[in-house]
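Student: just to be clear, the model below is a prediction. Sequence and coordinates:
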Amino acid sequence: MISDELLSLRANPSDIEELYPHKPLSRRNHVLKAQVIGRFIDYFPFVVLFGLLGILWDLRPFEDMSIYIKLAGTAIIFAVFVWWIYIIFIKPQFFKINSLHIKTETLKNPVKIALMTDLHTGDKRFGSSVKKIKKAIETINNYMPDIFIVAGDLVDENFNELAMETLSELKKINCKNKFGVYGNHDGFHMKNRGYKESPRDIIKFVEKETKIKFLGNKTKELEIKNNNILLAGVPDLGGRLASIDKTFEDIDKSKYNYIILMSHNPDIIDFLHESDEVDLVVAGHSHAGQIAFPIIGALLPLPSKHKRYLKGLFDVGGKTNLFLSQGFAHASTRVRVGTNTEINLITLTK
Ligand SMILES: [Fe+2]
């Protein structure tokens, strides 16, 4: 059962309010921003392509061109068309398996973590389907993780039948230790935009259906292969309920070989201190920029404050590493260019 504390705590309000000001959007604004801009990005190349074809047809500059230039032009237009069809309809159905090892001196034996973030279920456009999640679960079960983590954005906008059907699949993950935190899309995000659902409904459903336990400003002690691990989780920063102090209150950290913190938003590192002794923060939220390129970076504005944290592993000071998943699906648009959806198979090892 979800604790009421998860949704009613408001610790460190001044800090969080200052860094994450509460700016509720009206449903109308949201529709304009997410739906219109999203669809514009989805179909922008087609608009350009057909516009270009219209101009060419009108001006007929090709009548005096050589056959080779005409063929090359046709091939380029056709290639862009096929590439974009792949980007919006085919690519989202597949995910990458991102395996990595994180070195640590403190564990007696290696520990395997399977991580999924940003599932964005409930809308087929954003690349989360029952078929895709089944494939991911098969991969995760073959990996035989010691800990399974789902780090927020379980749904996109609507906690509907499709979202329930997709999320129910998570019950098939064979792992004794299944934990999660919720993301901005799961609750306050929706409430702020005039939807009825709250994260409470989603968390209750997922906890009951899949036995994944959500941690909100709470910790869980795990005995895994002679290691004493502390797993902590905080609510999404957007709801301003996250509290590191509350999470580690009365915890004797010297008892543990390794401390992991789950947070949907990587910006939680703003509230971490060295004295918190967290070894690893796992997060998502950024979708690696979703449309992003090496050197140039993300083309769309990132939802997190720390713009350089797109994906992968970062040393964020002290002994703390931050790991950001690219996420299992998308938001706002069908499109990912320069980034991929993924699941993460992390091995903590000497
Ligand atoms: Fe997300």
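Tutor: Received, thanks.
Student: need the contact list for the residue of the stretch 201-350 of the chain found nearest the ion.
Tutor: Relative to the ion, the nearest point of the stretch 201-350 of the chain is residue 331 (5.0 Å; C-beta to the ion). In short, each C-beta sits where N, CA and C put it, glycine included. For residue 331, the contact set (C-beta atoms under 8 Å, 6 or more residues apart in numbering) comprises 34, 118, 120, 126, 153, 156, 185, 287, 290.
Student: give the buried subset of those residues as a PyMOL selection command.
Tutor: Those of these that count as buried under 16 or more other C-beta atoms under 10 Å are selected in PyMOL with:
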select buried, resi 34+118+120+126+153+156+185+287+290
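Student: the contacts of residue 331: which two are farthest apart?
Tutor: Using C-beta to C-beta, the two most remote members of these are 34 and 118, lying 14.9 Å apart.
Student: follow-up on the earlier one: run through the contacts of residue 331 and flag the ones next to the ion.
Tutor: Filtering the contacts of residue 331 for neighbours of the ion using C-beta under 5 Å from the ion leaves 118, 153.
Student: among the contacts of residue 331, which one sits closest to residue 324?
Tutor: Nearest to residue 324 among the contacts of residue 331, with distances taken as C-beta to C-beta, is residue 287, at 9.5 Å.
Student: look up the closest residue to that closest one, ignoring the ones flanking it.
Tutor: residue 327 (4.7 Å; C-beta to C-beta, 6 or more residues apart in numbering).
Student: quick one, phi psi at the one you found?
Tutor: phi 90, psi 160 (degrees, to the nearest 10).
Student: likewise residue 154?
Tutor: Residue torsions, per degrees, to the nearest 10, at residue 154 are phi -70, psi -30.
Student: low-confidence ranges, the stretch 51-200 of the chain, go.
Tutor: 62, 188-197 (pLDDT under 70).
Student: how about the residues of it by the ion?
Tutor: So the stretch 51-200 of the chain meets the ion at 118, 153 (C-beta under 5 Å from the ion).
Student: where along the stretch 51-200 of the chain do the strands fall?
Tutor: Ranges of strands in the stretch 51-200 of the chain, per DSSP state E, counting those that start in this stretch, are 96-103, 111-116, 147-151, 177-181.
Student: turn the ones you listed into a markdown table, including mean neighbour count.
Tutor: Shown next, in a markdown table, are the strands of the stretch 51-200 of the chain (neighbours: other C-beta atoms under 10 Å):
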| stretch | mean neighbour count |
| --- | --- |
| strand 96-103 | 13 |
| strand 111-116 | 23 |
| strand 147-151 | 27 |
| strand 177-181 | 24 |
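Student: will you turn these into JSON lines that also has distance to residue 131?
Tutor: Output for those, formatted as JSON lines (distance: least, C-beta to C-beta, whole Å):
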{"stretch": "strand 96-103", "distance to residue 131": "16"}
{"stretch": "strand 111-116", "distance to residue 131": "15"}
{"stretch": "strand 147-151", "distance to residue 131": "18"}
{"stretch": "strand 177-181", "distance to residue 131": "21"}
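Student: what are the C-alpha coordinates of the longest helix along the chain, in CSV please?
Tutor: Across the chain, the longest stretch assigned as helix under DSSP state H is helix 37-59. The C-alpha atoms that make up helix 37-59 are tabulated as CSV, following Å, rounded to 0.1, in the frame of the first residue of the first chain:
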residue,chain,number,x,y,z
ILE,A,37,4.6,21.3,-31.6
GLY,A,38,5.0,17.6,-31.3
ARG,A,39,3.0,16.9,-34.4
PHE,A,40,4.7,19.7,-36.2
ILE,A,41,8.1,18.0,-35.6
ASP,A,42,6.7,14.6,-36.5
TYR,A,43,5.6,15.8,-40.0
PHE,A,44,7.9,18.7,-40.6
PRO,A,45,10.1,16.9,-43.2
PHE,A,46,7.0,16.0,-45.2
VAL,A,47,5.8,19.6,-45.2
VAL,A,48,9.2,20.7,-46.4
LEU,A,49,9.4,17.9,-49.0
PHE,A,50,6.0,18.5,-50.5
GLY,A,51,6.6,22.3,-50.4
LEU,A,52,9.9,21.7,-52.3
LEU,A,53,8.2,19.5,-54.8
GLY,A,54,5.5,22.1,-55.3
ILE,A,55,8.0,24.8,-56.0
LEU,A,56,10.0,22.6,-58.4
TRP,A,57,6.8,21.7,-60.2
ASP,A,58,5.9,25.4,-60.5
LEU,A,59,9.2,26.7,-61.6
